[in-house]
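Colleague: Predicted model follows, preceded by the sequence.
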Amino acid sequence: MARAKAKPKFTSHEDTLESAVGGAFSEIEELAGEFREMVDNAPENLHGSSLYETRESTADTLENLSAPDVPDALGEIGVTYTQAAGRGKRGAMSRATRAENAASILSACVDAVREWVESNPLPEEDEKESDEDKTKREELEEAHEGADTLIDELEEAASEVENAEYPGMFG
């Protein structure tokens, strides 16, 4: 009788936007380093192979990603995300699972920023507004611009991570 394959376990996490973005990009940088090390230390007879080329492409893709600046006004936004947990006695995760987790965090960050934008609409400019109200409106406009830029950068990074290939040890 064949043993049923264990289903992955998932854990839920809550974090601030700034911390979640930093954590996701830390994992991406670690993965990039691992793939670069595999490429740099590959035996000569593997150079030019499809496995070598895939690993090199993945290393290049991940190395070209960098954490965007999270505007101060958005840094403390709460983010909730779910990640696959490690399996086995040591809780080890494949590189593909680690990449999926990083992309999942980035997608959750995008959702959190979009939710913030929707719950903080821009007020109409009013000729009679006080200097204090004008300052608040301008700060909110600046935060919205930063949010739009951040959403674009996070979506692009998540897409790059999701579209890279993560071959196992033997291809």
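Modeller: Cool, got the structure.
Colleague: Can you tell me how far Thr16 is from Gly146?
Modeller: Between Thr16 and Gly146 the computed distance is 15 Å (Cβ to Cβ, to the nearest Å). Bear in mind the C-beta positions are built from the backbone N, C-alpha and C, glycine included.
Colleague: Same check on Val39?
Modeller: 36 Å.
Colleague: next one: Tyr52
Modeller: From Tyr52 to Gly146 the distance is 40 Å (Cβ to Cβ).
Colleague: Next, count neighbours for Asn64.
Modeller: Neighbourhood size, Asn64 [other Cβ atoms under 10 Å]: 10.
Colleague: Give me the phi and psi for it.
Modeller: phi -80, psi 0 (degrees, to the nearest 10).
Colleague: How about it: what's its closest non-neighbour residue?
Modeller: Glu160 (7.8 Å; Cβ to Cβ, 6 or more residues apart in numbering).
Colleague: so who does the one you found touch?
Modeller: Neighbour list for Glu160: 61-62, 64-65 [criterion: Cβ atoms under 8 Å, 6 or more residues apart in numbering].
Colleague: and what of Ser57?
Modeller: Contacts of Ser57 (Cβ under 8 Å, 6+ apart): 164-165.
Colleague: Helix or strand for it, just tell me which one.
Modeller: helix 50-63 (DSSP states H and E).
Colleague: May I see the buried residues of the helix or strand following that helix?
Modeller: Downstream of helix 50-63, the next assigned helix or strand under DSSP H and E is strand 78-84. Neighbour-count burial for strand 78-84 flags 79, 81, 83-84 (criterion: 16 or more other Cβ atoms under 10 Å).
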